[in-house]
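K.L.:
Just the structure for this:
(2 chains)
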Amino acid sequence: MHGTTVGYTRTAIGLHWLIALLIFAAFPLGVYMTDLPFSPMRLKLYSYHKWLGVTVFMLAVLRVLWRLTHAAPPPVAMPAWQRIASVATHHLLYILVLAVPVSGWLMSSALGMQTVYLGVIPLPDLLARDKALGDQLAILHKALNLSMAVLVIAHVLGAMKHHFIDRDVVMGRMIPFLASRHP
Amino acid sequence: MNKTAIGLALTAGLLLPYNLLAQMDTGRSSVVAISKQMGVPVEGDFKRFNAQVSFDPAKPAQARASVEIDIASFDIGAEDYNREVRKPEWFDAARFPKASFVTTAIKSVGAGRYEASGRLTIKGVSRNVVAPVSFRAQGTQQVFEGVLPIRRLHYNIGTGEWKDTSLVADEVQVRFRIVINKK
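P.N.:
Model (predicted):
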């Protein structure tokens, strides 16, 4: 798979699914934990959520760097509007996968709760403690997450449309075992 | 509480002969507790406290100090957390509204450095502690600073499931700055 046009590299595929898995853990965790009463469980889940976010951010940086140095496979034939929608969705997803953790990090800083990765590595606080700003960043974090959820749904539906309706190779390029079943 | 009251009364009595019942500069003084939640340092400060200090750098052996802290004034930066830490599991502020530190002996351990031994009372538990204190004269003011590490479990702060020190570390740093206006 050294070519630039055949498909995604194994690294790109691995990063895609690893990031997806972590987001599918961090997102519901984030929704659930905010409603919990003050308890050891709440503290633990907040920490885990932040650690997941930091991990997603680091993997996303790797993924973007990889993408910039390893071209994605060329698009399959499709109407122009679909092509535009697909490019836009992918770009926005890349931006959000980076922006969501950063907004959470900023929010934590402003609320005076530093992020300490895995309980060991302290991340610098980028903002001074400011409750009002922290509350606004919390709203931003939520809004970015909802946007990401909508885009992920569009992304999944788009992939399924390519696989089940167009019956092309698009979905198989990210799910190698599917590719072998399609001509 | 009675013991504290007696201790304070005695201290006040001891201070009087020196005629140095100095007034604390509330704006420049602070008492901050720094705990660690899953590796994350969390700062809270006591908004209301008072200190009485009688101190002559030339005669540290005759120095006296007492600090009384209004427990309910603890501010960790978010009102919902403040309410939690006032509950019986933590400070039990309703039953134990005051914490205090009353010196029993002060000795010089170097230029501008002292060790203040005394009784620290929090949540009804009194223990002997030794606080490292630095001193400097600043115009008409005396500035005393230091960090006293304590173990929260010695004072039953965080009971039940909160005893778990992997969640909230046992060691808590109490960082203080007491600024006294000299007459």
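
K.L.:
neighbours of the residue in chain B that chain A sits nearest to, just the number please.
P.N.:
Using C-beta to the nearest C-beta, the single residue of chain B nearest to chain A is B:G39, 3.5 Å away. All C-beta atoms are positioned from the backbone trio N, CA, C, and that covers glycine. Neighbourhood size, B:G39 [other C-beta atoms under 10 Å in any protein chain shown]: 17.

K.L.:
likewise B:P88?
P.N.:
If you count neighbours by other C-beta under 10 Å, B:P88 ends up with 14.

K.L.:
So it belongs to a helix, correct?
P.N.:
No - applying DSSP: H, G, I helix; E, B strand; the rest coil, one finds B:P88 to be coil, outside a helix.

K.L.:
For it, give me its contacts.
P.N.:
B:A94, B:R95, B:T159 (C-beta atoms under 8 Å, 6 or more residues apart in numbering or on different chains).

K.L.:
Just the closest of the residues you listed to A:L59, please.
P.N.:
A:L59 lies nearest to B:T159 out of those, by C-beta to C-beta, at 40.0 Å.

K.L.:
Could you pull up phi and psi at the closest one?
P.N.:
In terms of degrees, to the nearest 10, the main-chain angles of B:T159 are phi -100, psi 180.

K.L.:
Could you pull up the residues touching it?
P.N.:
Taking C-beta under 8 Å, 6+ apart, one finds B:P88, B:E89 in contact with B:T159.

K.L.:
Tell me how far it lies from B:L153.
P.N.:
The gap separating B:T159 from B:L153 is 9 Å, by C-beta to C-beta, to the nearest Å.

K.L.:
Look at residue 33 and say how many residues are nearby.
P.N.:
With no chain named, the answer covers chain A. Residues lying near A:M33 (other C-beta under 10 Å) number 17.

K.L.:
hmm, I had chain B in mind actually
P.N.:
If we define neighbours as other C-beta under 10 Å, then B:A33 has 23 of them.

K.L.:
and the host helix or strand of it, what does it pack onto?
P.N.:
Assigned by DSSP states H and E, B:A33 belongs to strand B:30-37. In terms of contacts (3 or more C-beta pairs under 8 Å, 6 or more residues apart in numbering or on different chains; DSSP states H and E), strand B:30-37 is packed against strand B:40-46, strand B:171-181.

K.L.:
lowest-confidence stretch among those?
P.N.:
The weakest mean pLDDT among the helices and strands packed on strand B:30-37 belongs to strand B:40-46, with a mean of 93.

K.L.:
any idea which residue of chain B is furthest from its center?
P.N.:
B:E161 (26.3 Å; C-alpha atoms, centre = their mean).

K.L.:
Quick check, that residue in contact with A:P40.
P.N.:
Yes - using C-beta atoms under 8 Å, B:E161 is in contact with A:P40, at 5.2 Å.

K.L.:
quick one on the thing from earlier: any chance of the helices and strands packed on strand B:30-37 in JSON lines with mean neighbour count as columns?
P.N.:
Formatted as JSON lines, the helices and strands packed on strand B:30-37 follow (neighbours: other C-beta atoms under 10 Å in any protein chain shown):
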{"stretch": "strand B:40-46", "mean neighbour count": "18"}
{"stretch": "strand B:171-181", "mean neighbour count": "19"}
